[in-house]
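Novice: Provided below for reference: sequence and predicted model.
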Amino acid sequence: MIYNMEYETMPREALEAIQLRRLQATVERVYANVAFYREKFKEAGISPTDIRTLDDLRRLPYTTKQDLRDNYPYGMFAVPMDHVVRIHASSGTTGQPTVVGYTARDIQTWAQLMARALMAGGANRGDIIHNAYGYGLFTGGLGVHYGAELLGVSVIPVSGGNTRRQVMIMKDFGPTIITATPSYSLHLAEVCEEMGVSFKDLKFKFGIFGAEPWSETMRGEIERKLNLTAVDIYGLSEVMGPGVAIECKEAKNGLHIFEDHFIPEIVDPATLEPLPYGSVGELVFTTITKEAFPVVRYRTRDICSLNPEPCICGRTHLRMSRVTGRSDDMLIIRGVNVFPSQIESVLIDTEGVTPHYQLVVDREGALDVLTVKVEIGEQLFSDEVKKLQATEKRISKNIKELLGVTAKVRLVEPKAIARSEGKAQRVVDNRKL
């Protein structure tokens, strides 16, 4: 089913006409109200009246996360503070936090987009959503919550943490949809097993997972362990929050971007030149309906591609491929580009190990050394040391064959890698310390 049939199935010509009108209005608004954009446009020799076609978007300068940090906290807001009804912020673990604001209309827009997303991912009136995304400054929990209420489904605002209590709630409350990070969903599966609870006895039909890159092989692992259909959702606080794009349950083949609110581009992360459909590069977004915190050509750092082909579900918006990693999280090991999701695909295909892993990069002399720490399963843990060594060698060999990079593999006992109730910390890069 489709939540907003008119806009989600709109012919491309009509959609692009709406995009242009909204883009022109956004450019005028940021030029008038945000000093950062006004100066950037002047430096580029661009004024709002120069935006006559969608192609003119490419004449506008890019916006980066550093630009947001430099204007901390409210310098990027396009409305007075008495119009801002909600403030979210990043954790700031990699620098100054990025602060985003919402007007009352922005909150309504966000709820509508999340209602679209939840329906595309399998939710409908009568369902109960177990919402294990974090509530607070992180946008995930409240984004899902408002969309669920608008859609007319019941929502359990369980948030992250208290995992054993969450298992009890899943048993007693009978939720049919779960929303969480993929890594936390696997942690839930572990705790269920410890408590003697089988997901086969629960009522889940669909799971909507996002907020961190995950692979197709991890989807298979989640679907098997949680006994549900898993779909990928995409969003980021700087653009809106969750609900920017989502897979449909019918195809599970690319995430539909809600293009009546966001204009996507793919650019070469090194040259910043726009790339054609199908090319893998960095995803860039321009928001065209946000009031409090619009962004123009925002570099997400997420690596993916765009697909213009129609989908079997009937939606006409572009689809983005699964995010394979971030250009700023990408590891370069002796000249080879490595994303955690690529390592993950090797690990999940290796019998006897779990999907819990961590990549540790050190520098020994002039050389970078990659160590892959991966937990072994309970059964393998009880076997003899020779089998453990053989498994380490097999994983190292498979990584070498797939990625062309040599990695040390160190198997660790079950539960040795810290669990996350939010985004898993997949990379420890000691070269930056």
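Specialist: Everything's here; your move. Residues are numbered from 1 along each chain as shown.
Novice: report the separation between the closest residue to Met10 other than its chain neighbours and Arg116.
Specialist: Of all residues not flanking Met10 in the chain, Thr316 sits nearest, at 6.0 Å (CB to CB, 6 or more residues apart in numbering). To be clear about C-beta, it is placed using only N, CA and C from the backbone, and glycine gets the same treatment. Taking CB to CB, to the nearest Å as the measure, Thr316 falls 13 Å from Arg116.
Novice: intersection of neighbour lists for the two?
Specialist: Residues touching both Thr316 and Arg116 by CB atoms under 8 Å, 6 or more residues apart in numbering: Glu8.
Novice: between these two, who's got more neighbours?
Specialist: Taking other CB atoms under 10 Å, Thr316 and Arg116 do not tie; Arg116 has more neighbours (24 against 18).
Novice: mind listing what the more buried one touches?
Specialist: Residues near Arg116 by CB under 8 Å, 6+ apart: 2-4, 8, 147, 243, 246, 258.
Novice: return the subset of those residues lying in strands.
Specialist: 243, 246 (DSSP state E).
Novice: which one of the contacts of Arg116 sits closest to Glu344?
Specialist: If you rank those by distance to Glu344 using CB to CB, Ile246 comes first, at 21.3 Å.
Novice: rewinding a little: would you write a ChimeraX line that selects the buried entries of the contacts of Arg116?
Specialist: Those of those that count as buried under 16 or more other CB atoms under 10 Å are selected in ChimeraX with:
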select :3,8,147,243,246,258
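Novice: save the contacts of Arg116 as JSON lines, and put in distance to Glu43 and pLDDT too.
Specialist: Listed next are those as JSON lines, based on distance: CB to CB, whole Å; pLDDT from 0 to 100:
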{"residue": "Ile2", "distance to Glu43": "42", "pLDDT": "97"}
{"residue": "Tyr3", "distance to Glu43": "41", "pLDDT": "98"}
{"residue": "Asn4", "distance to Glu43": "38", "pLDDT": "98"}
{"residue": "Glu8", "distance to Glu43": "38", "pLDDT": "98"}
{"residue": "Gly147", "distance to Glu43": "38", "pLDDT": "98"}
{"residue": "Gly243", "distance to Glu43": "33", "pLDDT": "97"}
{"residue": "Ile246", "distance to Glu43": "36", "pLDDT": "98"}
{"residue": "Phe258", "distance to Glu43": "31", "pLDDT": "98"}
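Novice: for this protein, which helix is longest?
Specialist: Across the chain, the helix with the greatest residue count (assigned by DSSP state H) is helix 12-33.
Novice: can you list contacts of it?
Specialist: 7, 10, 37-38, 41, 47-48, 51, 53-54, 57, 60, 78-79, 259-260, 263, 286-291, 294, 296, 316-317.
Novice: restricted to buried residues, select those in ChimeraX.
Specialist: A single ChimeraX command suffices to select whichever of the contacts of helix 12-33 are buried according to 16+ other CB under 10 Å:
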select :7,10,37,41,51,57,60,78,79,259,260,263,286,287,288,289,290,291,294,296,316,317
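Novice: in strands, which of the contacts of helix 12-33 appear?
Specialist: Residues of the contacts of helix 12-33 located in strands (DSSP E): 263, 286-287.
Novice: roughly how far out does the lowest-mean-pLDDT helix or strand in the chain sit from the chain middle?
Specialist: Lowest by mean pLDDT, DSSP states H and E among the helices and strands of the chain is helix 378-381, with a mean of 74. Distance of helix 378-381 from its chain centroid, counting by CA atoms, centre = their mean, to the nearest Å, is 32 Å.
Novice: same check, this time on stretch 286-298
Specialist: Worked out by CA atoms, centre = their mean, stretch 286-298 lies 18 Å from the chain centre.
Novice: quick check: end-to-end length of it?
Specialist: By CA to CA, to the nearest Å, the extent of stretch 286-298 from end to end equals 6 Å.
Novice: all strands of the stretch 101-250 of the chain, in order?
Specialist: 128-131, 154-156, 177-180, 206-209, 229-236, 241-247 (DSSP state E, counting those that start in this stretch).
Novice: give me whichever of these is most buried.
Specialist: strand 177-180 (a mean of 30; mean count of other CB atoms under 10 Å).
Novice: with the contacts of Arg116 in mind, which one is nearest to Glu309?
Specialist: Once CB to CB is applied, the member of the contacts of Arg116 that ends up nearest Glu309 is Glu8, at 15.8 Å.
Novice: my read is that that closest one contacts Leu113, right?
Specialist: No - the pair Glu8 / Leu113 is not scored as a contact, 10.6 Å apart, by CB atoms under 8 Å.
Novice: what touches both of the two?
Specialist: Common neighbours of Glu8 and Leu113 are listed as Phe258 (criterion: CB under 8 Å, 6+ apart).
Novice: and Thr371, what element?
Specialist: Thr371 is located in strand 367-376, with elements delineated by DSSP states H and E.
Novice: how far away is the residue nearest to Met10 from Lys171?
Specialist: According to CB to CB, Thr316 and Lys171 sit 41 Å apart.
Novice: can you check Val427 too?
Specialist: 35 Å.
Novice: Met5 now?
Specialist: 37 Å.
Novice: ok, Glu190 next?
Specialist: Taking CB to CB, one finds Glu190 at 16 Å from Lys171.
Novice: one more: Ile343?
Specialist: Using CB to CB, Ile343 is found at 34 Å from Lys171.
Novice: more crowded one of the two?
Specialist: Ile343 (28 against 15).
Novice: list the contacts of the more buried one.
Specialist: 357, 359, 372, 399, 403, 407.
Novice: closest to Ser279 out of those residues?
Specialist: Nearest to Ser279 among these, counting by CB to CB, is Leu403 at 20.8 Å.
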